[in-house]
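> sequence unavailable; structure follows:
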């Protein structure tokens, strides 16, 4: 669980609501269903229009990575590769075949299977690098769903504000309707700008950093598998892989 993300969300809400309270405002004045529907509905509609169904739903699915990112522990991967290296040096590459049953990750299983099958080191690297490139592009495209939302939301918020002001102008003769129209106008702007800068854009940036970490882990795995295929000393392999860790 990513505690920093949870604290960030909590702090964002606390800062906005706390500021409203300290200024003597009422919390209820920030709750406008009409403004919410305009901003969120318009933003979702816009990103659905620009994205394919596959990318859109993948972007929604990636949201869980904000709180529950993939378990990427470089030191554990290094220890795993060194373990494989030790087994291969003692019993040959075929002795690694039983290790395949314990690998839930398809990418890792594919790489180790190629190693067991005796594929040339550069062929292992080439095949897995293609898969990494595809993985990275697909996931980065999905993360851009949130980046797009951060771009559209403020503009939709302004649209909601203009709609609220139009409502006000249409009812100048009825003072009882002026307050609600003005409230929708200003709250729609708050929803648009606030959601973009407190949630959508930070989510997009967080997802990109998680994807980058996943790519680094896969590059480490490739380097480890190729080094084993080349029969390199475990200490040399460890030194290489340590170079990926900041």
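Cool, the structure landed. Since we're looking at a predicted model, the values are computed, not measured.
> can you pull out the low-pLDDT segments for this protein?
Within the chain, the segments meeting pLDDT under 70 span 176-181.
> contacts only, for the residue most central in space within it.
Geometric centre of the chain, nearest residue: residue 207, 2.0 Å, by CA atoms, centre = their mean. Residues counted as contacts of residue 207 (CB atoms under 8 Å, 6 or more residues apart in numbering) are 62, 65-66, 139, 142-143, 146. Where C-beta positions appear, they are placed from N, C-alpha and C, glycine not excepted.
> show me what the longest helix along the chain is packed against.
What stands out as the longest helix in the chain, according to DSSP state H, is helix 121-170. Helix 121-170 sits against helix 33-50, helix 53-61, helix 106-116, helix 178-195, helix 201-229, with contacts defined as 3 or more CB pairs under 8 Å, 6 or more residues apart in numbering; DSSP states H and E.
> quick one: distance of the helix or strand hosting residue 10 to the chain centre.
When elements are assigned from DSSP states H and E, residue 10 belongs to helix 3-22. Here helix 3-22 is found 21 Å from its chain centre; the criterion is CA atoms, centre = their mean, to the nearest Å.
> got the angle between that helix and helix 201-229?
In terms of direction (axes from the mean of the first three to the mean of the last three CA atoms, to 10 degrees), helix 3-22 departs from helix 201-229 by 170 degrees.
> residues making contact with helix 3-22?
By CB under 8 Å, 6+ apart, helix 3-22 touches 26-27, 29-30, 66-67, 194, 198-199, 202, 206.
> and for stretch 93-113?
Under the criterion CB under 8 Å, 6+ apart, residues 84, 87-88, 115-116, 118, 124, 127-128, 131, 135, 218, 221-222, 225, 228-229 lie in contact with stretch 93-113.
> if you rank the contacts of residue 207 by neighbours, which is first?
Counting neighbours by other CB atoms under 10 Å, the top entry in these is residue 146, with 25 neighbours.
> and for residue 202, the neighbour number?
By the criterion of other CB under 10 Å, residue 202 has 18 neighbours.
> and residue 46, how far from residue 195?
Distance, residue 46 to residue 195, using CB to CB, to the nearest Å: 13 Å.
> look at the residue located most distally from the centre of the chain and tell me its secondary structure.
In terms of distance from the mean C-alpha position of the chain, residue 173 ranks first, at 49.7 Å (CA atoms, centre = their mean). At residue 173, secondary structure determined by DSSP: H, G, I helix; E, B strand; the rest coil is coil.
> burial count for residue 134?
Neighbours of residue 134 using other CB under 10 Å come to 10.
> check contacts around it.
Taking CB under 8 Å, 6+ apart as the definition, residue 134 has no contacts.
> where's it relative to residue 218, distance?
Using CB to CB, one gets 11 Å for the distance from residue 134 to residue 218.
> the nearest residue to residue 68 once chain neighbours are set aside: neighbouring residues, count only.
Spatial nearest neighbour of residue 68, excluding adjacent residues (CB to CB, 6 or more residues apart in numbering): residue 1 at 6.1 Å. Counted with other CB under 10 Å, the neighbours of residue 1 add up to 8.
> number the chain from 42, please
With 42 as the first residue, the last one maps to residue 42.
> just send the contacts of helix 44-63 back as a markdown table, with secondary structure and distance to residue 226 too.
Shown next, in a markdown table, are the contacts of helix 44-63 (DSSP: H, G, I helix; E, B strand; the rest coil; distance: CB to CB, whole Å):
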| residue | secondary structure | distance to residue 226 |
| --- | --- | --- |
| 67 | coil | 17 |
| 68 | helix | 19 |
| 70 | helix | 13 |
| 71 | helix | 13 |
| 107 | helix | 31 |
| 108 | coil | 34 |
| 235 | helix | 15 |
| 239 | helix | 20 |
| 240 | helix | 22 |
| 243 | helix | 26 |
| 247 | helix | 31 |
